[in-house]
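In: no sequence on this one, just coordinates:
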């Protein structure tokens with residue numbers, strides 16, 4: 001059981017690393033224009049806290065993270081030259097291993113809360 005969990009954790013870390021690598025590839029001038037577009041869209045979706053299918057929906061909520069996102073990442077990686085992707089994976093590993101700022105996370109949460117609450121407050125019937 002422990003080995004299975006370790007493999008799952010390693011796989012999840014690889015997906016996260018590849019999402020960051022796709023973000024870097026989307027900014028690389030050596031990558032073709034259509035690969036840049038797909039890489040940017042997939043990286044934005046993977047790194048965004050907003051889901052296409054909300055996680056509270058039973059079974060379907062995690063479908064995008066478990067099946068669709070890894071397939072999309074694998075598909076876009078095939079569009080990028082392996083040597084370029086290898087460079088970006090190395091850089092992405094360094095980025096992913098950096099310590100996370102709790103203050104930065106708190107600021108993002110506050111911005112999202114204000115962004116969600118402000119329209120409700122402005123347009124709520126009085």
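Out: Nice, thanks for sending it over. Note that the coordinates shown come from a computational prediction; the quantities given were computed from them, not determined experimentally. Numbering: from 1, shown residues only.

In: per-residue confidence averaged over the helix or strand where residue 74 lies?
Out: When elements are assigned from DSSP states H and E, residue 74 belongs to helix 69-77. For helix 69-77, the per-residue pLDDT values average out at 92.

In: Flag every buried residue along it.
Out: Using 16 or more other C-beta atoms under 10 Å as the burial criterion, the residues of helix 69-77 that qualify are 69, 70, 72, 73, 76, 77. Heads up, the C-betas are built off the backbone N, CA and C, glycines and all.

In: Could you pull up the residues touching the fifth one?
Out: In this structure, residue 76 makes contact with 22, 35, 38, 39, 42, judged by C-beta atoms under 8 Å, 6 or more residues apart in numbering.

In: now swap in the last one and tell me
Out: By C-beta under 8 Å, 6+ apart, residue 77 lies in contact with 18, 22, 85.

In: now do the third one
Out: Contact criterion C-beta under 8 Å, 6+ apart gives 42, 45 as the residues in contact with residue 72.

In: Please verify my assumption that residue 38 contacts residue 79.
Out: Yes: under the criterion of C-beta atoms under 8 Å, residue 38 is in contact with residue 79, at a separation of 6.4 Å.

In: count of residues packed around residue 26?
Out: If you count neighbours by other C-beta atoms under 10 Å, residue 26 ends up with 21.

In: starting at the chain centroid, how far to the worst-scoring helix or strand of the chain on mean pLDDT?
Out: Least confident helix or strand of the chain, by mean pLDDT, DSSP states H and E, is helix 63 with a mean of 77. Taking the mean of its C-alpha atoms, helix 63 sits 15 Å from the chain's own mean (C-alpha atoms, centre = their mean, to the nearest Å).

In: Would you mind listing the outside residues contacting that helix?
Out: Defining contact as C-beta under 8 Å, 6+ apart, one finds that helix 63 is touched by residue 53.

In: tilt between the next helix or strand after the helix holding residue 74 and helix 69-77?
Out: Using DSSP H and E, the next helix or strand after helix 69-77 towards the C-terminus is helix 82-96. Taking axes from the mean of the first three to the mean of the last three C-alpha atoms, to 10 degrees, helix 82-96 and helix 69-77 form an angle of 130 degrees between their directions.
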